[in-house]
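K.L.:
Provided below are the primary sequence and the corresponding predicted coordinates.
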Amino acid sequence: MARIAFLLSVFILSSSFSFSVSLSFSPADDYLLNCGSDVDSTVDNRRFIADASSASNVKFFSSEGSVTLQGEDISVPQIYRTARVFTREAKYEFNVHEKGTYMVRLHFNRINSSKIDAGFHVTVNRHVVLRNFSGDLGSRVRVREFLIWVDVREVVVIRFLPSEDSKLAFVNAIEVISAPNDLIADVATSVSRDGTGKLNGLAKQAMEVMYRINVGGRKVTPFNDTLWRTWLPDDDFVKTGHGSSSDKAYFTGRIKYRPGGASREVGPDNVYNTARVAKRSNGLSWEFSVSSGYKYLIRMHFCDIASRSLGLLYFNIYINGNLAYEDFDISYYSGYLLASPYYIDFVVDPSDNLPSGSSVITLSVLPSNKTSADYEHGVDAMLNGVEIMKLNNSMGSLDGFVSTDMVLRSCPNRRNLSIFIAMMAFMCILMSFYIVAQRKKLSDDFGWTKLSMDVHQVDPRSGNQFAAIKP
């Protein structure tokens, strides 16, 4: 009985710790909208405010052509049972209190898909984030997450634009959250076939989260993440064969966060307390499909939960076959602490050193010659987590080689407005020619008469148009 009571107390403490972790970060701005609903909804202990509530004094969206849609599927959270549908261009505006990176999450679920002929573009401030999007994603519910830099005195403006006159735009829920200052570092290591270098100015680029992977562990839900993120298991991405073998490592102790390393906001405990480790093999590899034409930020998370001693584990990191880091000393970068997390940011172009049109990123951790040959447990490489984020291209876009101006001009409503303005301008020009012609005709109808000799000659340079008559 005493043992059962002890285990129960441990469970309660661990549950309370997990819950307190999820609430440890308090963002300066935290907008959660339940779109198309007139009542608030709670998901994972987070309250999504109804964007159609008459009780609210704040109106986030503006559109003359929006309707609401409701579904009956009780198998999905409440925020996915309503949607706001737009027949023309619409926008949501969010005032922010400070400059920095903002997490923008758009939630989609095609309610009664036969009723929604969707096809639309989405922009966030000066970035195109979705183009010709239909919401038909294979799975019913999908979250698209973006990281957007916002300067001082800026607002976050999210626009939805139907791509054709007959198409509709829709959204189920929106999150706009200010990110911690240490979430996105401004400097990363660029990796190419020519070697490595430093890349600056990363923080102000727009990004789309493509993959967030908990290596060796289970799915991490927003409830158990400090920034309400979702981390998927790596089982569908890890590569096997060629003599490679791996084990999953689990850690039940305390993760030692420290200054200079990864914070709990960068990666939660549930990512760092699991790992996939290679034991006396050819290392480990993971493969991810991505879109060509973009560079990608790759964040690799490390936390040595497998070693029994410091200074024994070294390994090499490769990205698409290019050496990204040689003889990585995990003990050195963790401040000579076991179970202390650290991460490295790399930037790569998947088309570099690969055939044209190739769209695959391969990550590998391979044994180093510095690893102790008589290492008792034979662990020679490890990885805890991976994040892959698409960077905006030279047009500021995350979906196609287009700019926000090009997308806004292509909007059917704006296109019709442009045609109307052009026609009005043309009519004004025609009227101007007509008036000039009528005036000329009127002046030609009057004959010339002989002037009186008593009238002085008028100097054309003089402002006086009426001269006095001689006395």
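P.N.:
On my side now, so go ahead.
K.L.:
Can you list the low-confidence ranges for the chain?
P.N.:
1-24, 53-59, 63, 113-115, 137-139, 241-245, 353-358, 372-377, 412-471 (pLDDT under 70).
K.L.:
which non-adjacent residue is nearest residue 248?
P.N.:
residue 216 (4.2 Å; C-beta to C-beta, 6 or more residues apart in numbering). The way it works is simple: take the backbone N, C-alpha and C, and place the C-beta from them, glycine included.
K.L.:
Let me fix that, I meant to ask about residue 252.
P.N.:
Using C-beta to C-beta, 6+ apart, the closest residue to residue 252 is residue 273 (7.3 Å).
K.L.:
shouldn't that neighbour be in contact with residue 256?
P.N.:
No: using C-beta atoms under 8 Å, residue 273 makes no contact with residue 256, being 11.3 Å away.
K.L.:
what touches both of those two?
P.N.:
residue 339 (C-beta atoms under 8 Å, 6 or more residues apart in numbering).
K.L.:
Please identify which of those two sits among more neighbours.
P.N.:
Neighbours were counted for residue 273 and for residue 256 using other C-beta atoms under 10 Å; residue 273 has more, 22 against 15.
K.L.:
List phi and psi for the more buried one.
P.N.:
phi -90, psi 10 (degrees, to the nearest 10).
K.L.:
Check residue 408 too.
P.N.:
phi -60, psi -40.
K.L.:
Tell me the secondary structure of residue 332, please.
P.N.:
helix (DSSP: H, G, I helix; E, B strand; the rest coil).
K.L.:
Could you tell me how many residues sit around it?
P.N.:
12.
K.L.:
measure it to residue 342 for me?
P.N.:
Here the distance between residue 332 and residue 342 works out to 9 Å (C-beta to C-beta, to the nearest Å).
K.L.:
Same question for residue 219.
P.N.:
The value you get for residue 219 to residue 342, if C-beta to C-beta is used, is 23 Å.
K.L.:
More neighbours: those two, which one.
P.N.:
Per other C-beta under 10 Å, whichever of residue 219 and residue 342 has more neighbours is residue 342, with 24 against 11.
K.L.:
The more buried one bridge partners, please.
P.N.:
residue 302 (DSSP bridges).
K.L.:
can I assume it is in contact with residue 329?
P.N.:
No: under the criterion of C-beta under 8 Å, residue 342 makes no contact with residue 329, lying 10.5 Å away.
K.L.:
Now do the SS call for residue 409.
P.N.:
Secondary structure state of residue 409, per three-state DSSP, is helix.
K.L.:
what residues are up against the residue positioned nearest the centre of the chain?
P.N.:
In the chain, the C-alpha nearest the mean C-alpha coordinate belongs to residue 146, at 1.0 Å (C-alpha atoms, centre = their mean). With contact set as C-beta under 8 Å, 6+ apart, residue 146 has these partners: 103-106, 124, 127, 129, 206-209, 398.
K.L.:
where's it, which helix or strand?
P.N.:
Secondary structure assignment for residue 146, by DSSP states H and E: strand 141-150.
K.L.:
And for residue 311?
P.N.:
With DSSP H and E as criterion, residue 311 is part of no helix or strand.
K.L.:
Number of residues surrounding the nearest residue to it once chain neighbours are set aside?
P.N.:
Using C-beta to C-beta, 6+ apart and skipping residues adjacent in sequence, the residue nearest residue 311 is residue 331, 5.0 Å away. By the criterion of other C-beta under 10 Å, residue 331 has 18 neighbours.
K.L.:
how close does residue 331 sit to residue 278?
P.N.:
Look at residue 331 and residue 278: by C-beta to C-beta, they are 17 Å apart.
K.L.:
On the strand side of things, show who the nearest residue to residue 404 once chain neighbours are set aside bridges to.
P.N.:
Once flanking residues are discounted, residue 404 sits nearest to residue 123: 4.9 Å by C-beta to C-beta, 6+ apart. Legend: beta-bridge partners of residue 123 under DSSP bridges are residue 128, residue 159.
K.L.:
Residue 123 and residue 148 touch, don't they?
P.N.:
No: the pair residue 123 / residue 148 is not scored as a contact, 10.6 Å apart, by C-beta under 8 Å.
K.L.:
Just give the strands next to the helix or strand containing residue 326 in its sheet, each with its orientation.
P.N.:
Element membership for residue 326 (DSSP H and E) is strand 322-329. Note on strand 322-329: by DSSP bridges, its sheet partners are strand 314-319 (antiparallel).
K.L.:
so how far is the strand it pairs with from its chain's centroid?
P.N.:
Distance of strand 314-319 from its chain centroid, counting by C-alpha atoms, centre = their mean, to the nearest Å, is 28 Å.
K.L.:
give the contact list for the residue nearest to residue 311.
P.N.:
Counting by C-beta under 8 Å, 6+ apart, residue 331 touches 304, 307, 310-313.
K.L.:
so how far is residue 281 from it?
P.N.:
Taking C-beta to C-beta, one finds residue 331 at 21 Å from residue 281.
K.L.:
ok, now residue 64?
P.N.:
From residue 64 over to residue 281 (counting by C-beta to C-beta), the distance is 63 Å.
K.L.:
Between the two, tell me which one has more neighbours.
P.N.:
The neighbour count for residue 64 versus residue 281, taken as other C-beta under 10 Å, is higher for residue 281 (17 against 10).
K.L.:
Please report the distance of residue 248 from residue 215.
P.N.:
Distance, residue 248 to residue 215, using C-beta to C-beta: 9 Å.
K.L.:
now the helices: where do they sit in this structure?
P.N.:
For the chain, the helices defined by DSSP state H occupy 2-22, 269-272, 330-333, 404-410, 412-444.
K.L.:
still on that earlier bit, now the residue nearest to the centre of the chain, nearest residue through space, not along the chain?
P.N.:
residue 104 is the one closest to residue 146 (C-beta to C-beta, 6+ apart), at 4.6 Å.
K.L.:
just checking, the one you found touches residue 148?
P.N.:
Yes: between residue 104 and residue 148 there is a contact under C-beta under 8 Å: 5.6 Å.
K.L.:
list residues touching both of those two?
P.N.:
124, 156.
K.L.:
now stretch 142-153: how far from the chain's centre is it?
P.N.:
5 Å.
K.L.:
Residue 265 - how many residues pack around it?
P.N.:
Using other C-beta under 10 Å: residue 265 sits among 19 other residues.
K.L.:
check contacts around the spatially closest residue to it that is not a sequence neighbour.
P.N.:
Closest residue to residue 265 apart from its sequence neighbours, by C-beta to C-beta, 6+ apart: residue 180 at 4.3 Å. Residue 180 is in contact with 25, 227, 263, 265-266, counting by C-beta under 8 Å, 6+ apart.
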